[in-house]
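Student: sequence and predicted structure below; questions after.
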Amino acid sequence: MEKNHISHFSGNSIAKLFGTLQNGTEVYSYTLSNGKGLEVSFINYGAAITSLIVTGKNGEKTDVVLGFDTLESYVESYNLPSPPYFGAVIGRYAGRIANGQFAIDGQQFKLNKNLGNNTLHGGKSGFCNVVWSVKEIIQEGDSAAIVFSYTSPDGEEHFPGELKTEVKYTLTPDNEIVIEYNAESSEDTVINLTQHSYFNLDGHKHDVLSQQLMVNSATLIDITNDGIPTGKYIETSEKGFDFKTPVACPGKIDNSFVLSSMEQPAATLFSEKTGLKMTVFTDQPSVHIYVGGNCFDRITGKDGAAYHPHSGICFETQNYPDAPNHDNFPSAILRKGEQYIQKTMWKFEEL
(Lines give C-alpha, C1' and ligand atoms only; values in the text may rest on other atoms or scores of the structure.)
Protein backbone atom coordinates (compact mmCIF):
# COMPACT_ATOMS: atom_id res chain seq x y z
CA MET A 1 0.00 0.00 0.00
CA GLU A 2 1.34 3.42 -0.94
CA LYS A 3 2.07 5.56 2.09
CA ASN A 4 1.37 8.90 0.39
CA HIS A 5 -2.38 8.36 0.12
CA ILE A 6 -3.10 10.89 2.90
CA SER A 7 -1.70 13.71 0.75
CA HIS A 8 -4.62 13.31 -1.64
CA PHE A 9 -7.18 14.21 1.01
CA SER A 10 -8.96 17.51 1.42
CA GLY A 11 -12.46 18.77 2.11
CA ASN A 12 -15.03 16.16 3.10
CA SER A 13 -12.77 13.10 2.92
CA ILE A 14 -11.49 10.97 5.78
CA ALA A 15 -9.00 8.09 5.83
CA LYS A 16 -8.30 5.72 8.71
CA LEU A 17 -6.79 2.31 9.35
CA PHE A 18 -9.51 -0.36 8.98
CA GLY A 19 -7.48 -3.44 9.87
CA THR A 20 -4.41 -5.54 9.14
CA LEU A 21 -4.32 -8.80 7.19
CA GLN A 22 -2.46 -11.82 8.53
CA ASN A 23 0.44 -11.09 6.17
CA GLY A 24 0.84 -7.63 7.74
CA THR A 25 -0.78 -5.63 4.92
CA GLU A 26 -2.68 -2.63 6.23
CA VAL A 27 -6.18 -1.99 4.91
CA TYR A 28 -7.64 1.51 5.02
CA SER A 29 -11.13 2.94 5.12
CA TYR A 30 -11.97 6.06 3.11
CA THR A 31 -15.10 8.16 3.62
CA LEU A 32 -16.31 10.66 1.03
CA SER A 33 -19.23 13.08 1.12
CA ASN A 34 -20.85 15.28 -1.49
CA GLY A 35 -22.19 17.73 1.09
CA LYS A 36 -25.71 17.01 -0.14
CA GLY A 37 -26.62 14.21 2.24
CA LEU A 38 -24.68 11.41 0.52
CA GLU A 39 -21.78 9.81 2.41
CA VAL A 40 -19.96 6.69 1.25
CA SER A 41 -17.22 4.66 2.94
CA PHE A 42 -14.85 2.34 1.09
CA ILE A 43 -12.04 -0.04 1.97
CA ASN A 44 -9.18 -0.95 -0.32
CA TYR A 45 -9.76 -4.66 0.40
CA GLY A 46 -11.85 -5.57 -2.64
CA ALA A 47 -12.31 -1.85 -3.44
CA ALA A 48 -15.50 -2.42 -1.47
CA ILE A 49 -18.26 -0.09 -0.33
CA THR A 50 -18.84 -0.62 3.39
CA SER A 51 -21.53 1.98 4.03
CA LEU A 52 -23.70 4.27 1.91
CA ILE A 53 -25.65 6.83 3.88
CA VAL A 54 -28.51 8.66 2.16
CA THR A 55 -30.52 11.50 3.69
CA GLY A 56 -34.27 11.03 3.18
CA LYS A 57 -37.47 12.64 4.44
CA ASN A 58 -37.24 14.78 7.59
CA GLY A 59 -33.47 14.68 7.29
CA GLU A 60 -33.36 11.03 8.34
CA LYS A 61 -30.08 9.30 7.47
CA THR A 62 -30.22 5.68 6.30
CA ASP A 63 -27.32 3.32 5.65
CA VAL A 64 -28.64 1.48 2.60
CA VAL A 65 -25.94 -1.18 2.06
CA LEU A 66 -24.93 -4.32 3.94
CA GLY A 67 -21.43 -4.66 5.37
CA PHE A 68 -19.20 -5.51 8.31
CA ASP A 69 -17.50 -3.50 11.04
CA THR A 70 -14.16 -5.32 10.83
CA LEU A 71 -11.68 -6.49 8.23
CA GLU A 72 -11.67 -9.92 9.89
CA SER A 73 -15.38 -10.28 9.12
CA TYR A 74 -14.86 -9.44 5.44
CA VAL A 75 -12.06 -12.00 5.19
CA GLU A 76 -14.04 -14.67 7.07
CA SER A 77 -17.13 -14.08 4.91
CA TYR A 78 -15.36 -15.73 1.97
CA ASN A 79 -15.35 -18.96 3.97
CA LEU A 80 -19.13 -19.02 4.37
CA PRO A 81 -21.09 -21.76 2.53
CA SER A 82 -22.21 -19.05 0.09
CA PRO A 83 -19.94 -15.99 0.31
CA PRO A 84 -21.93 -12.73 0.12
CA TYR A 85 -19.21 -10.60 -1.59
CA PHE A 86 -20.50 -7.55 0.34
CA GLY A 87 -19.81 -4.30 -1.53
CA ALA A 88 -16.84 -5.61 -3.50
CA VAL A 89 -15.66 -5.14 -7.07
CA ILE A 90 -15.98 -8.51 -8.82
CA GLY A 91 -13.44 -9.74 -11.37
CA ARG A 92 -11.87 -10.96 -13.47
CA TYR A 93 -15.19 -12.41 -14.51
CA ALA A 94 -18.44 -11.66 -12.69
CA GLY A 95 -20.98 -14.46 -12.71
CA ARG A 96 -20.54 -18.10 -13.63
CA ILE A 97 -18.24 -19.69 -16.18
CA ALA A 98 -19.42 -23.21 -17.01
CA ASN A 99 -17.01 -26.03 -16.20
CA GLY A 100 -14.41 -23.42 -15.26
CA GLN A 101 -13.13 -23.15 -18.81
CA PHE A 102 -13.32 -21.16 -22.04
CA ALA A 103 -11.43 -20.76 -25.30
CA ILE A 104 -9.97 -17.76 -27.14
CA ASP A 105 -9.21 -18.37 -30.83
CA GLY A 106 -9.20 -22.12 -30.17
CA GLN A 107 -6.83 -22.00 -27.20
CA GLN A 108 -8.37 -23.54 -24.07
CA PHE A 109 -8.02 -22.03 -20.61
CA LYS A 110 -8.98 -23.94 -17.45
CA LEU A 111 -9.75 -21.82 -14.40
CA ASN A 112 -9.87 -22.58 -10.70
CA LYS A 113 -13.34 -23.87 -9.80
CA ASN A 114 -15.05 -22.51 -6.70
CA LEU A 115 -18.73 -23.39 -7.25
CA GLY A 116 -19.00 -27.12 -7.82
CA ASN A 117 -17.74 -27.77 -11.33
CA ASN A 118 -17.96 -24.07 -12.25
CA THR A 119 -16.10 -20.81 -11.67
CA LEU A 120 -17.96 -17.96 -9.94
CA HIS A 121 -16.95 -14.29 -9.61
CA GLY A 122 -13.34 -14.77 -10.67
CA GLY A 123 -12.48 -17.98 -8.85
CA LYS A 124 -11.01 -18.83 -5.47
CA SER A 125 -9.22 -15.49 -5.14
CA GLY A 126 -10.94 -12.84 -7.22
CA PHE A 127 -10.73 -9.06 -7.22
CA CYS A 128 -13.07 -9.08 -4.21
CA ASN A 129 -10.45 -10.31 -1.74
CA VAL A 130 -7.23 -8.64 -2.84
CA VAL A 131 -5.84 -5.32 -1.66
CA TRP A 132 -6.20 -2.49 -4.17
CA SER A 133 -4.09 0.66 -4.32
CA VAL A 134 -5.69 4.05 -3.95
CA LYS A 135 -4.48 6.01 -6.95
CA GLU A 136 -6.28 9.28 -6.36
CA ILE A 137 -8.89 11.00 -4.22
CA ILE A 138 -10.55 14.14 -5.51
CA GLN A 139 -12.78 16.61 -3.66
CA GLU A 140 -14.20 19.47 -5.71
CA GLY A 141 -17.08 21.40 -4.16
CA ASP A 142 -20.13 19.16 -3.95
CA SER A 143 -18.51 16.23 -5.75
CA ALA A 144 -15.93 13.71 -4.61
CA ALA A 145 -14.18 10.74 -6.21
CA ILE A 146 -11.82 7.90 -5.35
CA VAL A 147 -9.82 5.80 -7.83
CA PHE A 148 -8.73 2.24 -6.97
CA SER A 149 -6.23 0.27 -9.04
CA TYR A 150 -5.16 -3.36 -9.11
CA THR A 151 -2.81 -5.28 -11.39
CA SER A 152 -3.78 -8.93 -11.74
CA PRO A 153 -0.72 -11.02 -12.68
CA ASP A 154 -0.69 -13.12 -15.83
CA GLY A 155 -2.14 -16.50 -14.92
CA GLU A 156 -3.93 -15.40 -11.75
CA GLU A 157 -6.74 -17.96 -11.29
CA HIS A 158 -5.41 -19.20 -14.69
CA PHE A 159 -6.77 -16.22 -16.65
CA PRO A 160 -4.38 -15.17 -19.45
CA GLY A 161 -2.56 -11.83 -19.48
CA GLU A 162 -1.48 -9.27 -16.90
CA LEU A 163 -4.60 -7.17 -16.36
CA LYS A 164 -4.29 -3.58 -15.13
CA THR A 165 -7.62 -2.39 -13.74
CA GLU A 166 -8.93 0.89 -12.39
CA VAL A 167 -12.29 1.59 -10.75
CA LYS A 168 -13.41 5.17 -10.13
CA TYR A 169 -16.30 5.99 -7.81
CA THR A 170 -17.68 9.54 -8.12
CA LEU A 171 -20.25 11.17 -5.82
CA THR A 172 -22.07 13.91 -7.74
CA PRO A 173 -23.99 16.95 -6.42
CA ASP A 174 -27.19 15.21 -7.59
CA ASN A 175 -26.74 12.32 -5.14
CA GLU A 176 -25.50 9.98 -7.82
CA ILE A 177 -22.69 7.47 -7.53
CA VAL A 178 -20.98 6.95 -10.87
CA ILE A 179 -18.80 3.84 -11.20
CA GLU A 180 -16.33 3.80 -14.09
CA TYR A 181 -14.19 0.77 -14.87
CA ASN A 182 -11.28 0.51 -17.27
CA ALA A 183 -8.73 -2.21 -17.88
CA GLU A 184 -5.96 -3.27 -20.26
CA SER A 185 -4.37 -6.68 -20.71
CA SER A 186 -0.93 -7.79 -21.88
CA GLU A 187 -2.56 -10.74 -23.69
CA ASP A 188 -5.96 -11.57 -25.15
CA THR A 189 -8.22 -12.40 -22.20
CA VAL A 190 -11.83 -12.29 -20.99
CA ILE A 191 -13.23 -9.76 -18.56
CA ASN A 192 -16.52 -8.90 -16.89
CA LEU A 193 -16.43 -6.51 -13.93
CA THR A 194 -19.27 -5.51 -11.62
CA GLN A 195 -20.04 -4.06 -8.20
CA HIS A 196 -21.62 -6.35 -5.61
CA SER A 197 -23.29 -4.07 -3.05
CA TYR A 198 -26.48 -5.29 -1.38
CA PHE A 199 -29.06 -2.52 -1.08
CA ASN A 200 -31.85 -2.07 1.43
CA LEU A 201 -33.60 1.30 1.36
CA ASP A 202 -35.27 0.60 4.72
CA GLY A 203 -31.79 0.34 6.26
CA HIS A 204 -29.35 -2.54 6.34
CA LYS A 205 -30.87 -4.19 9.44
CA HIS A 206 -34.23 -4.83 7.77
CA ASP A 207 -35.45 -7.02 4.90
CA VAL A 208 -36.27 -5.92 1.36
CA LEU A 209 -39.56 -7.76 0.87
CA SER A 210 -41.78 -4.71 1.44
CA GLN A 211 -39.82 -2.56 -1.02
CA GLN A 212 -40.99 -2.07 -4.59
CA LEU A 213 -38.87 -3.12 -7.57
CA MET A 214 -38.99 -2.23 -11.25
CA VAL A 215 -36.74 -3.73 -13.97
CA ASN A 216 -36.80 -2.31 -17.49
CA SER A 217 -36.58 -5.66 -19.25
CA ALA A 218 -38.89 -8.27 -20.79
CA THR A 219 -36.16 -10.86 -21.36
CA LEU A 220 -34.11 -13.15 -19.14
CA ILE A 221 -31.02 -15.24 -19.82
CA ASP A 222 -32.30 -18.82 -19.65
CA ILE A 223 -30.35 -20.90 -17.13
CA THR A 224 -30.07 -24.47 -15.88
CA ASN A 225 -30.93 -25.44 -12.31
CA ASP A 226 -27.38 -24.62 -11.23
CA GLY A 227 -27.45 -21.16 -12.81
CA ILE A 228 -25.51 -21.84 -16.03
CA PRO A 229 -26.86 -20.09 -19.15
CA THR A 230 -28.27 -22.42 -21.80
CA GLY A 231 -27.59 -19.87 -24.53
CA LYS A 232 -31.29 -19.16 -24.96
CA TYR A 233 -33.52 -16.27 -23.91
CA ILE A 234 -36.92 -16.44 -22.23
CA GLU A 235 -39.64 -13.94 -21.40
CA THR A 236 -39.55 -12.56 -17.86
CA SER A 237 -43.22 -13.50 -17.47
CA GLU A 238 -42.37 -17.20 -17.89
CA LYS A 239 -40.49 -17.08 -14.56
CA GLY A 240 -42.86 -14.67 -12.81
CA PHE A 241 -40.21 -11.94 -13.03
CA ASP A 242 -42.08 -9.33 -15.09
CA PHE A 243 -41.12 -6.19 -13.17
CA LYS A 244 -41.90 -3.53 -15.79
CA THR A 245 -44.40 -2.12 -13.29
CA PRO A 246 -43.63 -1.94 -9.54
CA VAL A 247 -43.92 -5.19 -7.60
CA ALA A 248 -42.75 -6.30 -4.18
CA CYS A 249 -39.15 -7.52 -4.09
CA PRO A 250 -39.08 -11.27 -4.67
CA GLY A 251 -37.88 -13.47 -1.84
CA LYS A 252 -35.70 -15.53 -4.16
CA ILE A 253 -34.09 -14.39 -7.40
CA ASP A 254 -30.68 -14.99 -9.02
CA ASN A 255 -31.24 -14.05 -12.67
CA SER A 256 -29.80 -11.89 -15.45
CA PHE A 257 -32.12 -9.44 -17.21
CA VAL A 258 -31.33 -8.31 -20.77
CA LEU A 259 -31.00 -4.53 -21.18
CA SER A 260 -31.13 -2.39 -24.29
CA SER A 261 -30.18 1.21 -23.46
CA MET A 262 -28.35 3.30 -20.86
CA GLU A 263 -30.85 6.09 -21.51
CA GLN A 264 -33.50 4.02 -19.74
CA PRO A 265 -33.19 2.96 -16.11
CA ALA A 266 -32.05 -0.64 -15.76
CA ALA A 267 -33.85 -0.98 -12.43
CA THR A 268 -35.54 1.09 -9.74
CA LEU A 269 -36.08 0.37 -6.05
CA PHE A 270 -38.54 2.24 -3.79
CA SER A 271 -39.13 2.35 -0.03
CA GLU A 272 -42.34 3.82 1.34
CA LYS A 273 -40.91 3.55 4.85
CA THR A 274 -37.93 5.86 4.33
CA GLY A 275 -39.24 7.67 1.25
CA LEU A 276 -36.11 6.75 -0.70
CA LYS A 277 -35.81 5.83 -4.37
CA MET A 278 -32.79 4.29 -6.07
CA THR A 279 -32.39 4.16 -9.85
CA VAL A 280 -29.73 2.12 -11.66
CA PHE A 281 -28.37 3.11 -15.08
CA THR A 282 -25.68 1.21 -17.01
CA ASP A 283 -24.10 0.79 -20.43
CA GLN A 284 -23.81 -2.97 -19.84
CA PRO A 285 -26.01 -5.52 -21.67
CA SER A 286 -27.53 -6.99 -18.50
CA VAL A 287 -28.29 -6.52 -14.84
CA HIS A 288 -28.07 -9.61 -12.66
CA ILE A 289 -30.49 -9.30 -9.75
CA TYR A 290 -29.93 -11.26 -6.59
CA VAL A 291 -31.71 -11.13 -3.22
CA GLY A 292 -29.64 -12.44 -0.33
CA GLY A 293 -27.05 -11.51 2.26
CA ASN A 294 -27.25 -14.56 4.51
CA CYS A 295 -24.34 -14.89 6.93
CA PHE A 296 -25.63 -18.19 8.38
CA ASP A 297 -25.52 -16.84 11.97
CA ARG A 298 -21.74 -17.22 11.79
CA ILE A 299 -20.73 -13.59 11.22
CA THR A 300 -22.46 -10.52 12.65
CA GLY A 301 -23.11 -7.62 10.30
CA LYS A 302 -22.21 -4.02 11.10
CA ASP A 303 -24.01 -2.44 14.04
CA GLY A 304 -24.86 -5.96 15.28
CA ALA A 305 -27.09 -6.81 12.31
CA ALA A 306 -28.07 -10.45 11.80
CA TYR A 307 -28.08 -10.75 8.00
CA HIS A 308 -30.41 -13.31 6.44
CA PRO A 309 -31.54 -14.44 2.94
CA HIS A 310 -33.74 -11.33 2.45
CA SER A 311 -31.40 -8.69 3.84
CA GLY A 312 -30.50 -6.98 0.57
CA ILE A 313 -30.82 -6.84 -3.19
CA CYS A 314 -27.92 -6.68 -5.67
CA PHE A 315 -27.95 -4.98 -9.06
CA GLU A 316 -24.92 -6.53 -10.77
CA THR A 317 -24.61 -4.56 -14.00
CA GLN A 318 -22.41 -6.60 -16.33
CA ASN A 319 -22.03 -8.74 -19.43
CA TYR A 320 -23.90 -12.04 -19.51
CA PRO A 321 -22.70 -14.91 -17.31
CA ASP A 322 -20.70 -17.51 -19.24
CA ALA A 323 -20.50 -15.24 -22.29
CA PRO A 324 -17.07 -16.65 -23.32
CA ASN A 325 -18.79 -19.99 -24.01
CA HIS A 326 -21.69 -18.65 -26.11
CA ASP A 327 -21.10 -17.16 -29.55
CA ASN A 328 -24.57 -15.55 -29.54
CA PHE A 329 -23.81 -13.55 -26.35
CA PRO A 330 -21.98 -10.19 -26.36
CA SER A 331 -18.25 -10.82 -26.59
CA ALA A 332 -16.33 -10.83 -23.31
CA ILE A 333 -12.92 -10.91 -25.00
CA LEU A 334 -10.50 -8.08 -24.30
CA ARG A 335 -7.76 -8.06 -26.91
CA LYS A 336 -4.17 -7.22 -26.10
CA GLY A 337 -3.66 -3.45 -26.24
CA GLU A 338 -7.37 -2.63 -26.31
CA GLN A 339 -9.20 -0.91 -23.47
CA TYR A 340 -12.12 -2.25 -21.47
CA ILE A 341 -14.45 0.57 -20.45
CA GLN A 342 -17.82 0.41 -18.75
CA LYS A 343 -20.01 2.68 -16.64
CA THR A 344 -22.82 2.31 -14.10
CA MET A 345 -24.68 4.96 -12.11
CA TRP A 346 -26.83 4.74 -8.99
CA LYS A 347 -29.10 7.73 -8.32
CA PHE A 348 -30.70 8.33 -4.93
CA GLU A 349 -33.63 10.66 -4.34
CA GLU A 350 -36.75 11.14 -2.25
CA LEU A 351 -40.12 9.82 -3.41
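Tutor: Structure received.
Student: C-alpha only now, for contacts and for neighbours.
Tutor: Fine.
Student: who touches the residue nearest to residue 80 when sequence neighbours are not counted in this structure?
Tutor: Nearest residue to residue 80 in three dimensions, chain neighbours excluded: residue 295, at 7.1 Å (CA to CA, 6 or more residues apart in numbering). Residue 295 makes contact with 77, 80, 84, 306-308, according to CA atoms under 8 Å, 6 or more residues apart in numbering.
Student: quick check, residue 295 in a strand?
Tutor: No: according to DSSP: H, G, I helix; E, B strand; the rest coil, residue 295 belongs to no strand; its state is coil.
Student: okay, and the beta partners of the nearest residue to residue 137 once chain neighbours are set aside?
Tutor: Spatial nearest neighbour of residue 137, excluding adjacent residues (CA to CA, 6+ apart): residue 146 at 4.4 Å. Beta bridges link residue 146 to residue 137, residue 169 when assigned by DSSP bridges.
Student: residue 146: neighbouring residues, count only.
Tutor: For residue 146, the neighbour count with other CA atoms under 10 Å is 23.
Student: just residue 63 next, same as before
Tutor: 22.
Student: just residue 105 next, same as before
Tutor: Using other CA under 10 Å, residue 105 has 6 neighbouring residues.
Student: try residue 261
Tutor: Residues lying near residue 261 (other CA under 10 Å) number 15.
Student: what about the residue nearest to residue 80, distance to residue 45?
Tutor: 19 Å (CA to CA, to the nearest Å).
Student: what do you get for residue 102?
Tutor: Computed with CA to CA, the distance linking residue 102 and residue 45 is 28 Å.
Student: these two: which is more packed in?
Tutor: The neighbour comparison of residue 102 against residue 45 (other CA under 10 Å) goes to residue 45, with 26 against 20.
Student: okay, and the beta partners of the more buried one?
Tutor: residue 131.
Student: buried sites along the longest strand seen in the chain?
Tutor: When the chain is parsed with DSSP state E, its longest strand is strand 339-350. For strand 339-350, a neighbour-count test (16 or more other CA atoms under 10 Å) marks 340, 342-349 as buried.
Student: again, but for stretch 153-165
Tutor: Buried residues in stretch 153-165 (16+ other CA under 10 Å): 153-154, 156-163, 165.
Student: how long is it from one end to the other?
Tutor: Terminal-residue distance, stretch 153-165 (CA to CA): 11 Å.
Student: tell me where the model's unsure across the stretch 1-150 of the chain.
Tutor: 1-13 (pLDDT under 70).
Student: list the beta-bridge partners for the closest residue in space to residue 175 that isn't next to it in sequence.
Tutor: Spatial nearest neighbour of residue 175, excluding adjacent residues (CA to CA, 6+ apart): residue 348 at 5.6 Å. In this entry, residue 348 is beta-bridged to residue 278, by DSSP bridges.
Student: mind listing what residue 348 touches?
Tutor: Here residue 348 is in contact with 54, 175-176, 276-279 (CA under 8 Å, 6+ apart).
Student: phi, psi of residue 43?
Tutor: With angles defined as degrees, to the nearest 10, residue 43 sits at phi -120, psi 150.
Student: my read is that it contacts residue 32, right?
Tutor: No: assessed by CA atoms under 8 Å, residue 43 is found out of contact with residue 32, at 11.6 Å.
Student: the helices in the stretch 1-150 of the chain, which residues?
Tutor: For the stretch 1-150 of the chain, the helices defined by DSSP state H, counting those that start in this stretch occupy 71-77.
Student: how about the strands of it, start to end?
Tutor: All strands of the stretch 1-150 of the chain, identified by DSSP state E, counting those that start in this stretch, fall at 13-20, 26-33, 38-43, 48-55, 61-63, 89-90, 96-97, 101-104, 107-110, 119-120, 133-140, 143-152.
Student: all set, thanks.
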